[in-house]
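J.: pasting the structure only:
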Ligand SMILES: [Zn+2]
C-alpha cells in the first residue's frame, strides 16, 4: 500500500472548500476558524468530483455518473455474471466541517481497488467504488440524497427539484458542474456494500481500539412540539393570570432527560435523546412568550426503546398542555427504524481484522450514513476508525493517519474475502 498516495489525496481534498485552500497534514494544523465548506452545488464540490474522477481514471476504473451525481468507478470481475462488491461513501461536507467525514471511505475504497490490482488479485466479483451525492444535506436541506435515490426511497425528480438557499435546483447545480449523468445503477447487480467511515463518537479513541465493526445503525426519531399560550406584557400581567408556554417547554426539557435516564436504569436501554431546538416567540425579555417550538431527537439501535420514549414524551406534552392551559401540537417529521448490518459482512470484517492482526470491537453507529440506505437492498457493513476525542462535523475533526491506514487494510481484506464468497 502506498501510504503517501492515499494520504496525499485526503489532504488535497481537504484543501477544497477550506479558507485559502490551506493544506492540513497534521492535527496541529487544524484551525477552528478554517473548517470545510464543501456543499453540493459549490465550485469546490465540482473540483472534488473532478479530482476523484481523475484518480479513478488513473487507477484504470471505468467511470459512470448517474442521474443524481453519484459517481461509480468499476473494475470488472473475472466472472461476467457475478454480483458486485460496492464500497465507498460521500465527498460533501457539512458547513464548517472536517476533512475525514466521508472522504476516508471514498479514498479508502479507491485505494483498496488499486491495492487489489497491484497485488494481481483476481476479483471474481466486479468492484464498484462509489462517491454518493449529497449525504450531509447541508445545501439542499435533506440528507442521504444520492443513496436515497439509489435504493428508491426518493424519486429522481423529487431530488432534482430540491432548492438551495440561493434558489437554484439540484438539477441546475449538477448540470452546471457536468455531473448530471444518465446512468442508472441497478442494485440487483450488487451483492455487498461496505462503508469505511470515521466513528464520529469517542468510543474507539477512548478505548484505544483501532477498528469498530458496526452491527446496527441507529434508529432516529424526531418530535416537533408546539405550545401556544398568551403573549402579554411582562410588567402588567399578574403571575396568576399568565399562560406561559415556556414553562411547559422547560418541563419537557427536564422530563426528556429524566425519562432517558430511567429507561437506562430500568430497561438497560442505550437510548440517547436531545432537546436541541427551542424557539421562543416573540423572544423578548419584556414579553411573556406566546408560542414555543421544541425539537427533540431520539436515537437507539432498538426500535421499541425509541417508540416507548416517544410515547412517554408525547403523553407528557399533552399533560403539560392541559396543566398550563395551553394549546399544543405534535408531529414526527422523521422516523428511521434502526438498521441492522448484514451478519455475513460483520463476520467477514471481523475475520479480516484478525487476519491483519488489528484489534476490533463490535459496536452500533449513533449517526446515520449512506450505508443505512444501502442496507435496505444489499448486504451491508460498516468499518469505523477512531475520531480523536470523538469530534466530527467540526473543523477540529481528526483521525490519525495510522488509523486511516488500518481502516484501509481492513476494507481491502474484507473486499477480497467478499469477492471469494
Ligand atoms: Zn459521513
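T.: Sure thing, it's come through. These numbers come from a predicted model, not from an experiment.
J.: contacting residues around the helix or strand bottoming out on mean pLDDT in the chain?
T.: Of all the helices and strands that make up the chain, strand 335-336 has the lowest average by mean pLDDT, DSSP states H and E, namely a mean of 86. Under the contact criterion CB atoms under 8 Å, 6 or more residues apart in numbering, strand 335-336 has outside partners 219, 220, 221, 222, 368, 372. Using the backbone N, CA and C atoms, a C-beta is placed for each residue, glycine as well.
J.: Contact partners for the fifth one?
T.: Under the criterion of CB under 8 Å, 6+ apart, the contact list for residue 368 reads 143, 144, 217, 218, 220, 336.
J.: for the first one, same thing?
T.: With contact taken as CB under 8 Å, 6+ apart, residue 219 is in contact with 299, 300, 301, 302, 303, 306, 336, 337, 338, 339.
J.: change it to 7 Å
T.: Counting by CB atoms under 7 Å, 6 or more residues apart in numbering, residue 219 touches 299, 300, 301, 303, 306, 336, 337, 338.
J.: Now do the phi/psi pair for it.
T.: Dihedral pair for residue 219: phi -80, psi 150, per degrees, to the nearest 10.
J.: repeat for the fourth one
T.: For residue 222, the backbone dihedrals are phi -110, psi 140 (criterion: degrees, to the nearest 10).
J.: so how far is the ion from the residue nearest to it when sequence neighbours are not counted?
T.: Beyond its immediate neighbours in the sequence, the residue positioned closest to residue 222 (CB to CB, 6 or more residues apart in numbering) is residue 334, lying 4.8 Å away. Relative to the ion, residue 334 is positioned 17 Å away (CB to the ion, to the nearest Å).
J.: does residue 334 really touch residue 295, like I thought?
T.: No. Here residue 334 does not reach residue 295: they are 10.8 Å apart, not a contact under CB atoms under 7 Å.
J.: Overlap in contacts, those two.
T.: residue 222.
J.: Please pick the buried ones from the contacts of residue 368.
T.: Neighbour-count burial (16 or more other CB atoms under 10 Å) applied to these gives 143, 144, 217, 218, 220, 336.
J.: give me every residue that touches the fifth one.
T.: Right, the one you point to is residue 220. Going by CB under 7 Å, 6+ apart, the list of residues near residue 220 reads 297, 299, 334, 336, 368.
J.: Can you tell me the element residue 273 falls in?
T.: With secondary structure defined by DSSP states H and E, residue 273 is part of strand 272-281.
J.: no, scratch that, I was asking about residue 128
T.: When elements are defined using DSSP H and E, residue 128 is found to belong to strand 127-132.
J.: partners of that strand in the sheet?
T.: With DSSP bridges as the test, strand 127-132 is paired with strand 71-75 (antiparallel), strand 84-90 (parallel).
J.: Tell me the gap between that strand and the middle of its chain.
T.: Averaging C-alpha positions (CA atoms, centre = their mean, to the nearest Å) puts strand 127-132 16 Å from its chain's average.
J.: swap in stretch 399-413?
T.: Worked out by CA atoms, centre = their mean, stretch 399-413 lies 19 Å from the chain centre.
J.: rewinding a little: mind checking which of the contacts of residue 219 are buried?
T.: Using 16+ other CB under 10 Å as the burial test, the contacts of residue 219 include 299, 300, 301, 306, 336, 338 as buried.
J.: Let's see which of these end up in helices.
T.: Judged by DSSP state H, those include residue 306 as members of helices.
J.: Columns distance to the ion on top of the buried ones among the contacts of residue 219, output as a markdown table?
T.: Formatted as a markdown table, these follow (distance: CB to the ion, whole Å):
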| residue | distance to the ion |
| --- | --- |
| 299 | 16 |
| 300 | 20 |
| 301 | 18 |
| 306 | 22 |
| 336 | 15 |
| 338 | 18 |
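J.: So the residue at the greatest distance from the centre of the chain versus the ion, what's the distance?
T.: In the chain, the greatest distance from the average C-alpha position (CA atoms, centre = their mean) is reached by residue 236, at 49.3 Å. According to CB to the ion, residue 236 and the ion sit 52 Å apart.
J.: Over to residue 298?
T.: As judged by CB to the ion, residue 298 and the ion stand 21 Å apart.
J.: Could you do residue 373 as well?
T.: Distance of residue 373 to the ion, given as CB to the ion: 12 Å.
J.: go on, residue 231?
T.: With the distance defined as CB to the ion, residue 231 ends up 41 Å from the ion.
J.: one step back: ok, the residue nearest to residue 222 - how many residues close by?
T.: Residue 334: 13 surrounding residues under other CB atoms under 10 Å.
J.: Use 436 as the first number from now on
T.: With the count now opening at 436, the last piece we talked about shows up as residue 769.
J.: Look up phi and psi at it.
T.: Dihedral pair for residue 769: phi -150, psi 140, per degrees, to the nearest 10.
J.: Over to the one 4 residues further on?
T.: Backbone torsions for residue 773, taken as degrees, to the nearest 10, come to phi -60, psi 150.
J.: Setting the sequence-adjacent residues aside, check what's closest to it.
T.: Residue nearest to residue 773 in three dimensions, not counting chain neighbours: residue 654, with 3.6 Å by CB to CB, 6+ apart.
J.: residues making contact with stretch 540-554?
T.: Contact partners of stretch 540-554, identified using CB under 7 Å, 6+ apart, comprise 436, 441, 444-445, 487, 490-491, 494-496, 510, 522-524, 526, 558, 562, 564, 566, 630-632, 842-843, 846-847, 850-851.
J.: Let me see the contact set for the spatially most central residue of the chain.
T.: By CA atoms, centre = their mean, the mean C-alpha position of the chain lies nearest to residue 804, the distance being 3.7 Å. When contacts are counted by CB under 7 Å, 6+ apart, residue 804 touches 630, 632, 652, 817.
J.: is it true that the third one touches residue 807?
T.: Think residue 652. Yes. Contact criterion CB under 7 Å: residue 652 and residue 807 qualify, at 4.5 Å.
J.: Find the residues that touch each one of those two.
T.: Shared contacts of residue 652 and residue 807 (CB under 7 Å, 6+ apart): residue 774.
J.: How about the residues of this protein by the ion?
T.: Counting by CB under 5 Å from the ion, the chain comes close to the ion at 536, 537.
J.: returning to what we had before: could you give the bridge partners of the residue nearest to residue 773?
T.: Residues in a beta bridge with residue 654, per DSSP bridges, are residue 735.
J.: hmm, back to that, out of the contacts of strand 770-771, flag the one nearest to the ion.
T.: Ranked by distance to the ion (CB to the ion), those are led by residue 803 at 8.8 Å.
J.: isn't there a helix covering the closest one?
T.: No. Under DSSP: H, G, I helix; E, B strand; the rest coil, residue 803 sits outside any helix and is assigned coil.
J.: Brilliant, that's me finished.
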